[in-house]
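>>> Here's my sequence, what's the structure:
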Amino acid sequence: MTRLTLDFYHDVVCGWCFNISPRLRRLAEEFDLQVRHRTFVLQDTPRQMVAVFGSMPQAKATILGHWVACRAASDTPEAFNIDGMAAARFDYPHGLPAALACKAAERLDGQAGHWRMFDALQRAHITQARDVANGGVLMAVAGEAGFDAVKLGHLMAEEATRSQVEADRKLARRHQVSSVPTVIVEDTGARLVNGPLEDLRVQIRANLRLVKA
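Residues are numbered from 1 along each chain as shown. Next up, the predicted model:
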């Protein structure tokens, strides 16, 4: 049976990634897809966020405006805790610490571990309005997701983990990835257009036909 391999570029702090991840999980089961997780951090420091948005308060306001659109397109709109994040006393988090946590989880438990940690951190960020740039929060979420938080924390601090995040960034540049989520079908080079589950299902079937042709 033909099996497609998908490269899923994502950022924990991305609302559109929150929408597509459960859809890809369902499709992976339905079509026996291999999904490879690629971290792609849009802003990896608060300084970069200020450079892009002008200030940290403006960054939060702008991104929460994006959340409104994400919520409207979501299968679980109630999961977007916009009011909670707006009221949170911390700045909108940059994505690098969470990316390191996902890569550390991958080192512990492969692609399945990466995906488990990614989804757990997205829930913490978007639904629970927790600061996923905070080390203590990351360790707590790791424990909640079934990881050895101490071991994961040590791995996060290793240069090898940061090198894996950078390797994903280089691969993204090679494939001209500039936004998240980006899902590339390795077998055909096609990029899935983010949308409802049935739209994604149609695209998967089209790529399977191409591979079989």
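>>> Now for the chain: which helix has the highest residue count?
Under DSSP state H, the helix in the chain containing the largest number of residues is helix 96-122.
>>> Next secondary structure after that helix?
Scanning forward in sequence from helix 96-122 by DSSP states H and E, the next helix or strand is helix 135-144.
>>> contacting residues around that following helix?
The list of residues contacting helix 135-144 from outside it, by CB atoms under 8 Å, 6 or more residues apart in numbering, reads 97-98, 101, 105, 117, 120-121, 124, 130-132, 148-150, 152-153, 156. Where you see a C-beta, it was placed from the backbone N, CA and C, and this is true even at glycine.
>>> circling back to that earlier point, and the longest helix of the chain with helix 135-144, angle?
Helix 96-122 runs at 40 degrees relative to helix 135-144, counting by axes from the mean of the first three to the mean of the last three CA atoms, to 10 degrees.
>>> one step back: filter the contacts of helix 135-144 down to the buried ones, ChimeraX style.
Only the buried members of the contacts of helix 135-144 enter the following ChimeraX selection, criterion being 16 or more other CB atoms under 10 Å:
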select :97,98,101,105,117,120,121,124,130,131,132,149,152,153,156
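>>> hang on, the earlier thing: the longest helix of the chain - contacts with which helices or strands?
Contacting helix 96-122 under the criterion 3 or more CB pairs under 8 Å, 6 or more residues apart in numbering; DSSP states H and E are the following elements: helix 15-31, strand 34-39, helix 135-144, helix 149-157, helix 159-174.
>>> and the shortest one, which residues are buried?
So the one you mean is strand 34-39. 35-39.
>>> List the strands paired with it, with their directions.
Using DSSP bridges, the strands paired with strand 34-39 in its sheet are strand 5-10 (parallel).
>>> For V41, grab phi and psi.
Reported as degrees, to the nearest 10, the phi and psi values for V41 are phi -80, psi 120.
>>> okay, it: pLDDT?
In this model, V41 is scored at 98, pLDDT.
>>> Just give me the neighbour total for it.
Residues near V41, counting by other CB atoms under 10 Å, number 24.
>>> How about the contacts made by it?
Residues in contact with V41 (CB under 8 Å, 6+ apart) are 11, 94-96, 99, 165, 169.
>>> ok, of those residues, which one's closest to Q203?
Of all the contacts of V41, D11 has the smallest distance to Q203: 21.7 Å, by CB to CB.
>>> related to what we said a few turns ago, just say which of the helices and strands packed on helix 96-122 is most tucked in.
Among those, strand 34-39 has the highest mean neighbour count (mean count of other CB atoms under 10 Å), at a mean of 20.
>>> Fine by me, thanks again.
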